[in-house]
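1. Could you work out the structure for the sequence below:
(2 chains)
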Amino acid sequence: MYAFDYTRPTSVADAVATLASDSDATVLAGGMTLIPTLKQRLAQPSQLVDLGALPGLAGIRREGDTLIIGAMTRHADVARSEIVAAALPALAALADGIGDAQVRHRGTIGGSIVNHDPAADYPSAVLGLGATVVTDRRQIAADDFFTGLFATALEEGEIVTEVRFPLPKRAAYVKFPNPASRYAVVGVFVAETGSGVRVAVTGAGPGVFRAGNFEAALTASFTPKAVEGLVWSADDLNSDMHASAGYRAHLIGVLAKRAVATIA
Amino acid sequence: MSVTSIGTSVKRREDKRFLTGKGNYTDDMNRPNQTHAYILRSPHAYAKIAALDVSAAKAAPGVVAIFTGDDMKVGSIPCGWQVHSKDGSPMKEPPHPPLAQGFVRHVGDQVAVIIAETYSEAKDAAELIEIDYHPLPAIADAKKALEPGAPPVWPDVAPDNLCFDWHIGDKAATDAAFEKAKWVAKLDLINNRLIPNAMEPRAAIGDYDVSNDLHTLYTTSQNPHVIRLLMGAFVLGIPESRLRVVAPDVGGGFGSKIFHYAEEAIVTWAAKQIERPVKWTAERSESFMTDAHGRDHHSHAELAMDDQGRFLGLRVATIANMGAYLSTFAPAVPTYLSGTLLAGVYTTPAIYGEVKAVFTHTVPVDAYRGAGRPETTFLLERLVDVAAEVSGIDRVELRRRNFIPPDAYPYQTPVALQYDSGDHAGCLDRALEKSDWAGFPARKAESAARGKLRGIGLSTYLEACGIAPSAVVGSLGARAALYEVGSVRVHPTGSVTVFTGTHSHGQGHETTFAQVVSDQLGIPIESIEIVHGDTDKVPFGMGTYGSRSLAVGGSAIVKAVDKIVAKGKRIAAHLLEAAEADIVFADGKFTVAGTDRSKAFGEIALAAYVPHNYPIETEEPGLEETAFYDPKNFTFPGGSHICEVEIDPDTGVTQVVRFTAVDDVGRVINPMIVEGQVQGGIVQGIGQALLENCVYSEDAQLLTGSFMDYCMPRADDVPFITVDHHTTLCTHNPLGVKGCGEVGAIGCPPAVINAVVDALKPYGVSHIDMPATPEKVWQAIQAARPAAAAE
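-> Just a heads-up that it's a prediction; the model follows:
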């Protein structure tokens, strides 16, 4: 690990100002990706801006048909929240399956979606539910938020403050974990929302994406049978020593069907 | 009998300190005025070091010294076993310098050591070292390394990458057996390369006492005396009398801490150069790329049968990856620890095995839990299942027909070993019963109702432990002896300190060995201390590996205690005014036979140290004895493992749902510890069969360099494991023990893969290589039903 300065601002404005004044500064949310990166000397930030002391960034609340989760809310807190369990059990289950117990007690939803690891779980829920990402300066629709491999629509120094999930009629997430890392080899989030059926896939491609043909089939009939035999092309999918693109394409179909089966 | 006697599940005495964080591991130790070493390692699989400039790094903050191969001109790290090729020529034996001499030959090879006041300073300084590498073509796959034109690892020593071409058995007789065969089973298989991943990373501290010219090495070793010998005599030229090697608590090893590693020599040598202690602890990523790996064999095997399914002949050709350098026991693993077990539990009369050992640009490969026996067992037990398919004879029945019968012992195999005892049908019967083999069809139907494929598989194995005798292994190329040393010091008040030349890296010797002595002397276990791991305390020793600690090390202790008892009888005869022949020792008392006149063990000890009334004319005072025990033969644990798996045909995910092990490990001293050993071995076996795989790229970059990509088995990968025993005693050691440390890792993998293949039988799958990952299983299913691939 290289030397760096550490700051722990107590207001979002201070955090934003610090980031604006130092282009080599990096935000520390849960640190579950950042800290290992630093330990391996793969990053050399000038300072870490720890968001842990920002008031109001951690917490879960429901406002009508919207579930709002603060950016600094830990996975474990989402997993065991009674509010989430009642309003959006699929999200609680997703959070409960991230990494391991240590990761779930340090990692945050904001850190996860901002990092946009192509194998992370949370982006599939944000995209699959058509959530809104709220930052210090604006609101970004999920469809516009994830822009590519480890890339999002956030501007330099922009801080996510919360994620607003419109509550779906029903939703489910099924994940095929990498047996070693427990990241998603493929994860499929299926939801019937107020604005239609959405199917978001993580792990399989260079970033989370929506599977249009699955959405169309499920819009016609929200049954496991409706997606049977549906094929997602392997062309743009990831291929590595753990899973070929063809296997990942196959798993998208299997997991989508299983997700639907749990809520159909 | 006390409650700590042989056969009792005494709680592990060492666990209090281990479980409360009070263990004393090498990295827990710090020497006064200590410095910290960072080892700069090669990022290339093979490269010439054209230029190396450390001047800027030497000026960095906190740096005490930097040494490269130009500074450290010492002896070569030796190989401990010399194998000869078929033509009688010795194996090709390249040099193994602790710091690279102009070339690096695997990713992780040591290039320089940076010593600084803190580890971070050393690491910072390392980035200032300028190296001009000229990368050269490299190769990781042993089979491809033998092909013409493959990049050579040692252009001068072994331009064709062949280290040796060894064989065992009778080729002519075996070929003749195949002429008579009714059926021949054939199989090509890979025994996948594994990374040991001990919980405690390797560490070493070199300390040098200037005033007395004494070196001390604290290290994570399974055998400190062997390190003292190899490093002192061959690498650094330090006599034993000036070199102390201490291996304190050691946190796992599975073989990987047997070997003498470069870092041990580097810190020992460097401590003298700078006259300060030098400490090095591996980071986890260094463990992945520098701890000796295990397995990595490619084999072709053929089994000839007559019309009754009796095995007539077996021939096996194996290519074994040695890595870039020859590690301490590497050449022995695919040969004398592997080829000699090709008979398995069967009466196959003609056997011929060939092994080509190959250099590649990878980390050295050496002994890993089972060392050669898992490789042979996997090959044999897979091949027997294929033979059952080929012949149409039920796999259980086929095994029974070919078992060595109990009355055939001692049994001379056609591949050198003579087995002393075993009851394979007895083990199998018990395993079939314990696993409810007969009830499998009902469980399979129940799985099928849930859309799952269920399979059952077994392995009936035998392995060789307690490698011995010294004269025999010497004739086979071992450059060391394989006896063990036990020393028993009885103190004046009757408490006992036992010094053993073996070591413990978690097996619980402090409990098991104390039970043995407690039982033998009839004194409480609390009165007995076990000391290991320090060459200044223990007279000599060969360490722990090959499940030898109890069979060989325990036997040495028993022999030393025998001497204590014999002397005690002579002292007691004097005190009780009786003939020595009339003294009986039992339950901690020396008694005149047929009378109630006796002396307690403690009274005899006191008499020996306060010899006022003592047979001083014939006996020296004191009560301390040492025994060197050279085993008469290997021991031969065996057993039957039965595994049930459930496969999800849509994803290929395989779950082990039942596992039953019935082993014959000889006499069991502590059933709880044995059960833990067997379970741990089975978990590692499941790891090899389903999860673990070391992957190098074509050009020999290590792709599985962390736990993100290298999959260790975890609790939810493993079912409840039923462990049971069907015991026959070893006939040639005093305890009748055989060894239990490796049986799990040996017997398990073929049982798992046989179960996977059984489950996939409807798809015509006849073999699947380890690890049977979800994608591999799914692809096998797809290959069988291409029309369904789009599902």
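2. any idea how far the residue lying closest to residue B:121 once chain neighbours are set aside lies from residue B:266?
-> The shortest distance from residue B:121 to any non-neighbouring residue, by CB to CB, 6 or more residues apart in numbering or on different chains, is to residue B:62 (3.2 Å). For the C-beta atoms, the positions are set from N, CA and C on the backbone; glycine is no exception. For residue B:62, the distance to residue B:266 equals 19 Å [CB to CB, to the nearest Å].
3. What parts of the stretch 451-600 of chain B come near chain A?
-> Neighbours of chain A within the stretch 451-600 of chain B, by CB under 8 Å from any CB of the partner chain: none found.
4. residues touching the residue of the stretch 451-600 of chain B found nearest chain A, list them.
-> Nearest residue of the stretch 451-600 of chain B to chain A (CB to the nearest CB) works out as residue B:451 at 11.2 Å. Contacts for residue B:451 (CB atoms under 8 Å, 6 or more residues apart in numbering or on different chains) come out as B:648, B:649, B:650.
5. before we move on, back to that, neighbour count for residue B:62 and residue B:266, which is higher?
-> More crowded of residue B:62 and residue B:266, by other CB atoms under 10 Å in any protein chain shown: residue B:266, with 26 against 17.
6. What values do phi and psi take at that one?
-> Residue B:266 adopts backbone torsions of phi -60, psi -50, taken as degrees, to the nearest 10.
7. Quick check: the gap between it and residue B:111.
-> Here residue B:266 is placed at a distance of 11 Å from residue B:111 (CB to CB).
8. any common contacting residues for the two?
-> With CB under 8 Å, 6+ apart, residue B:266 and residue B:111 have common neighbours B:39, B:99.
9. How about the secondary structure of residue A:72?
-> At residue A:72 the chain is in coil, as set by DSSP: H, G, I helix; E, B strand; the rest coil.
10. tell me the contacts of it?
-> Each residue near residue A:72 by CB under 8 Å, 6+ apart is listed here: A:29, A:51, A:52, A:54, A:57, A:58, A:108, A:110.
11. Show the buried residues in these.
-> A:29, A:51, A:54, A:57, A:58, A:108, A:110 (16 or more other CB atoms under 10 Å in any protein chain shown).
12. Of all pairs in the residues you listed, which one is the farthest apart?
-> A:54 and A:108 (11.4 Å; CB to CB).
13. Name the residues of chain A found near chain B, please.
-> Selection of chain A residues close to chain B by CB under 8 Å from any CB yields A:1, A:40-41, A:176, A:179-181, A:183, A:228-229, A:231, A:241-244, A:247, A:250-251, A:253-254.
14. Work out the sheet partners of the host helix or strand of residue B:206 and label each with its direction, please.
-> Assigning secondary structure by DSSP states H and E places residue B:206 in strand B:203-209. The strands that strand B:203-209 pairs with in its sheet are strand B:214-219 (antiparallel), strand B:278-281 (antiparallel) (by DSSP bridges).
15. Let me know the next secondary structure element after the host helix or strand of residue B:172.
-> Element membership of residue B:172 [criterion: DSSP H and E] is helix B:171-179. Next helix or strand after helix B:171-179 toward the C-terminus (DSSP H and E): strand B:183-191.
16. hmm, who's touching that following strand?
-> Residues contacting strand B:183-191 (CB under 8 Å, 6+ apart): B:178, B:295-305, B:309, B:374-375, B:378-379, B:382-384, B:386-387, B:389-391, B:767, B:769-770.
17. Buried among those? Make that a PyMOL selection.
-> Here is the PyMOL command that selects only those of the contacts of strand B:183-191 that count as buried (16+ other CB under 10 Å):
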select buried, chain B and resi 178+295+296+297+298+299+301+302+303+304+305+309+374+375+378+379+382+383+384+386+387+390+391+767+770
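18. and the contacts of strand B:183-191, which of them are in strands?
-> Among these, the residues falling in strands (DSSP state E) are B:297, B:298, B:299, B:300, B:301, B:302, B:303, B:304, B:305.
19. quick check, nearest of these to residue B:463?
-> Nearest to residue B:463 among the ones in strands among the contacts of strand B:183-191 is residue B:297, at 16.0 Å by CB to CB.
20. nearest spatial neighbour of that closest one, skipping sequence neighbours?
-> In space, residue B:297 is closest to residue B:191, 4.2 Å off (CB to CB, 6+ apart).
21. number of nearby residues for residue 135?
-> Chain wasn't specified; assuming chain A. Counted with other CB under 10 Å, residue A:135 comes out at 21.
22. wrong chain, I was asking about chain B
-> 13.
23. measure the residue nearest to it when sequence neighbours are not counted to chain A for me?
-> Excluding the flanking residues, the one nearest residue B:135 by CB to CB, 6+ apart is residue B:47, at 4.6 Å. Going from residue B:47 to chain A by CB to the nearest CB, to the nearest Å gives 21 Å.
24. Identify the bridge partners of residue B:47.
-> Going by DSSP bridges, residue B:47 forms beta bridges with residue B:104, residue B:135.
25. mind listing what it touches?
-> B:103, B:104, B:133, B:134, B:135, B:136.
26. Determine the three-state secondary structure at whatever residue of the stretch 51-200 of chain A ends up closest to chain B.
-> Going by CB to the nearest CB, chain B is nearest to residue A:180 of the stretch 51-200 of chain A, at 3.7 Å. Look at residue A:180: counting by three-state DSSP, its state is coil.
27. Kindly report the same for residue B:43.
-> Going by three-state DSSP: residue B:43 is coil.
28. Mind listing what's buried along the helix or strand bottoming out on mean pLDDT in chain B?
-> Lowest mean confidence among the helices and strands of chain B (mean pLDDT, DSSP states H and E): helix B:470-475, at a mean of 89. For helix B:470-475, the neighbour count (16+ other CB under 10 Å) marks B:470, B:472, B:473 as buried.
29. Identify the residues contacting the following helix or strand past it?
-> Downstream of helix B:470-475, the next assigned helix or strand under DSSP H and E is strand B:484-490. Applying CB under 8 Å, 6+ apart, the contact partners of strand B:484-490 are B:496-502, B:517, B:538-542, B:548, B:552-561, B:563-564, B:605, B:608, B:623-629.
30. How far off centre is the strand ranked longest in chain B?
-> Secondary structure of chain B per DSSP E: the longest strand is strand B:311-323. Distance of strand B:311-323 from its chain centroid, counting by CA atoms, centre = their mean, to the nearest Å, is 20 Å.
31. CA-only coordinates of whichever helix or strand comes after that strand, as PDB, when you get a sec.
-> In the C-terminal direction, the helix or strand that comes right after strand B:311-323 (DSSP H and E) is strand B:350-359. Coordinates of each C-alpha in strand B:350-359 appear next as PDB, following Å, rounded to 0.1, in the frame of the first residue of the first chain:
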ATOM      1  CA  ALA B 350       2.000 -58.300 -14.200                       C
ATOM      2  CA  ILE B 351       2.500 -54.500 -14.000                       C
ATOM      3  CA  TYR B 352       4.600 -52.100 -16.000                       C
ATOM      4  CA  GLY B 353       4.800 -48.400 -15.300                       C
ATOM      5  CA  GLU B 354       6.700 -45.600 -17.000                       C
ATOM      6  CA  VAL B 355       7.200 -42.100 -15.900                       C
ATOM      7  CA  LYS B 356       8.700 -39.200 -17.900                       C
ATOM      8  CA  ALA B 357       9.500 -36.300 -15.600                       C
ATOM      9  CA  VAL B 358       9.500 -32.900 -17.300                       C
ATOM     10  CA  PHE B 359      10.800 -29.500 -16.600                       C
END
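32. I'd like the average pLDDT over strand B:350-359.
-> Mean pLDDT, strand B:350-359: 98.
33. Next one, pLDDT for the nearest residue to residue B:583 once chain neighbours are set aside please.
-> Taking CB to CB, 6+ apart, and ignoring the residues beside it in sequence, residue B:583 has residue B:569 as its nearest neighbour in space, at 4.3 Å. Listed pLDDT for residue B:569 reads 98.
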